[in-house]
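Predicted model, plus sequence, below.
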Amino acid sequence: MFALGGDRPKRGGRLFGSNRPRRNRRSDSRAKGAASIRRGLASRRDATGRSSPLRGPSLAERQFNRVDPDNRLVAAELERRWEAALLELRRAEEALARRTTTAASGPDRIDPRLRTKVVALGQRLPEIWADPSVSREHRKALLRCLIDKVVMRRAARDMAEVRIVWRGGEVTEMAVALPVNTVTALPRYAEMETRVLQLARAGADDAEIARQLTAEGHRSPRRTEVLCSTVQGIRLRHRLKMPPKRTRWAKIPGRLSVPEVATDLGVSANWVSGRIRRGVLRIDRDPDTGRFLFPDIDETMMALRQLRAGAIARVDLTQDHREQEGHQDA
């Protein structure tokens, strides 16, 4: 029988010593290979100035080294992940090497005649883009051939910074205005509001104010220019009304309007307009205003009084008739 006492082994201990397995030669060789890869990548990074994706293999290696060897299943799984990470790293390095070699030797393999055609086509791109016969689908296909990628970052609520990377490596950076929900969301709304009130109190109308604000760099919430409705909304919000506009036509020297002729004849304006519509009174329209304007001479009023009295049936005051009468008098 066995004696019970202080010589009893502790729980989880080993009766005949430690049975911890050593790292096998495969793991040791894999560790040496990983270290060699890291040294190669570090030297390449020092030479090219680029960083290599070491995070995956390094993480897998640390996990494998920290695992308890007694957990054989976990160690095997971590060892498999380490191998996959090293294989992925090697493939990435080989792809990068092939891409670098292709980029370095690519331009030398282009035929000079093809290069000349491509350069000539590039000079005609603005003309091709502006051609109305080119459809939207063709324009999109052209952009896909020219642009490698587009990176957009929202710099403000109404502004985005766009970075276009072209196929040849050139980069174009620009700021693009974004639509907002309301005019108060514009960053320069306070400045625009002050300008609207200032110009409106000075007597400028909404259209003139909109043109002035657009020239100063302001815009409406969903447009790149300032609309008259935006100006009107700001003005009415402050209960600022525009002065009434003149609705009557200005007096034209040497001409009489229909109301003026009606007043001189002592009849209504409808009496004059009705005879014009029926062709009893023939007269030309003014090319600038589109109104019926009578010559302000005594002969005109005398003929119209005779028409009112019924002494004559028709009156022709057109320019052709007056010229014809002038030739007959001559």
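Sure, I can see it. Residues are numbered from 1 along each chain as shown.

May I see the buried residues of stretch 288-295?
Under the neighbour-count criterion of 16 or more other CB atoms under 10 Å, stretch 288-295 has 292, 293, 294 buried. Backbone N, C-alpha and C define where each C-beta goes, glycine included.

same for the lengthiest helix in the chain, what does it pack against?
In the chain, taking DSSP state H as the definition, the longest helix is helix 72-105. Helix 72-105 sits against helix 25-48, helix 55-66, with contacts defined as 3 or more CB pairs under 8 Å, 6 or more residues apart in numbering; DSSP states H and E.

between those helices, which gets the lowest average pLDDT?
Here the lowest mean pLDDT among these goes to helix 25-48, at a mean of 52.

Mind jotting down where the helices sit in the stretch 151-300 of the chain?
189-201, 206-215, 228-237, 258-265, 269-278, 298-309 (DSSP state H, counting those that start in this stretch).

how about the ones you listed, which one is nearest residue 222?
Residue 222 sits nearest to helix 228-237 of all the helices of the stretch 151-300 of the chain, at 9.9 Å, using CB to CB.

Can you dump the C-alpha atoms of the closest one in CSV for me?
Extracted as CSV, the C-alpha positions of helix 228-237 are listed here (Å, rounded to 0.1, in the frame of the first residue of the first chain):
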residue,chain,number,x,y,z
CYS,A,228,-35.0,85.1,-56.3
SER,A,229,-37.2,83.0,-54.1
THR,A,230,-34.3,82.7,-51.6
VAL,A,231,-34.0,86.5,-51.5
GLN,A,232,-37.7,86.9,-51.2
GLY,A,233,-37.9,84.5,-48.3
ILE,A,234,-35.2,86.3,-46.3
ARG,A,235,-36.8,89.7,-47.0
LEU,A,236,-40.3,88.7,-46.0
ARG,A,237,-39.0,86.9,-42.9
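
Now do it: everything it contacts.
Residues outside helix 228-237 that contact it (CB atoms under 8 Å, 6 or more residues apart in numbering) are 183, 192-193, 196-197, 200, 206-207, 209-210, 213, 220-221, 241-242.

do that again at 6 Å, thanks
Contacting residues not belonging to helix 228-237 are listed as 183, 193, 196, 200, 206, 207, 209, 210, 220 [CB atoms under 6 Å, 6 or more residues apart in numbering].

Show the average pLDDT along it.
92.

one step back: from the buried residues of stretch 288-295, which land in strands?
Counting by DSSP state E, those place residue 294 in strands.

In JSON lines, list the buried residues of stretch 288-295 along with pLDDT and distance to residue 134.
Listed next are these as JSON lines, based on pLDDT from 0 to 100; distance: CB to CB, whole Å:
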{"residue": "292", "pLDDT": "88", "distance to residue 134": "50"}
{"residue": "293", "pLDDT": "87", "distance to residue 134": "50"}
{"residue": "294", "pLDDT": "89", "distance to residue 134": "55"}
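
re the thing from before, of the contacts of helix 228-237 - the most surrounded one?
In terms of neighbours by other CB atoms under 10 Å, the contacts of helix 228-237 top out with residue 196 at 27 neighbours.

what sits against that residue?
Residue 196 neighbours (CB under 6 Å, 6+ apart): 209, 231, 234.

Residue 159 too?
Per CB under 6 Å, 6+ apart, neighbours of residue 159: residue 175.

So for residue 192, what's the pLDDT?
At residue 192, pLDDT is 93.

Quick one: neighbours of it, just the number.
Counted with other CB under 10 Å, residues neighbouring residue 192 total 23.

how much space between it and residue 150?
Going from residue 192 to residue 150 by CB to CB, to the nearest Å gives 30 Å.

how does this protein divide into domains?
As given by automatic domain parsing, the domain ranges for the chain are 31-98, 132-177, 183-237, 255-329.

Quickly list what the nearest residue to residue 224 once chain neighbours are set aside is bridged to.
Computed as CB to CB, 6 or more residues apart in numbering, the closest residue to residue 224 that is not its neighbour in sequence is residue 177, at 6.1 Å. Beta-bridge pairing for residue 177 (DSSP bridges): residue 159.

Quick check: residue 177 vs residue 230, distance?
Between residue 177 and residue 230 the distance is 14 Å, computed by CB to CB.

still on that earlier bit, what's the per-residue pLDDT of the residue nearest to residue 224 here?
In this model, residue 177 is scored at 84, pLDDT.

Start the count at 51 instead of 1 going forward.
Happy to do that; since the first residue is 51 now, the last one works out to residue 227.

That one: how many residues sit nearby?
Residue 227 has 14 neighbours, counted by other CB under 10 Å.

now that we're looking at residue 195, how far away is residue 169 from it?
In terms of CB to CB, residue 195 sits 15 Å off from residue 169.

State the distance from the residue nearest to residue 274 to residue 215.
Residue 227 is 22 Å from residue 215, by CB to CB.

Just name the closest of the contacts of residue 246 to residue 129, please.
When the contacts of residue 246 are compared for distance to residue 129 (CB to CB), residue 284 wins out at 70.8 Å.

hmm, back to that, redo the domains of the chain as TSV? Include distance to residue 165.
Below are those laid out as TSV (distance: least, CB to CB, whole Å):
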stretch	distance to residue 165
domain 81-148	23
domain 182-227	12
domain 233-287	39
domain 305-379	60
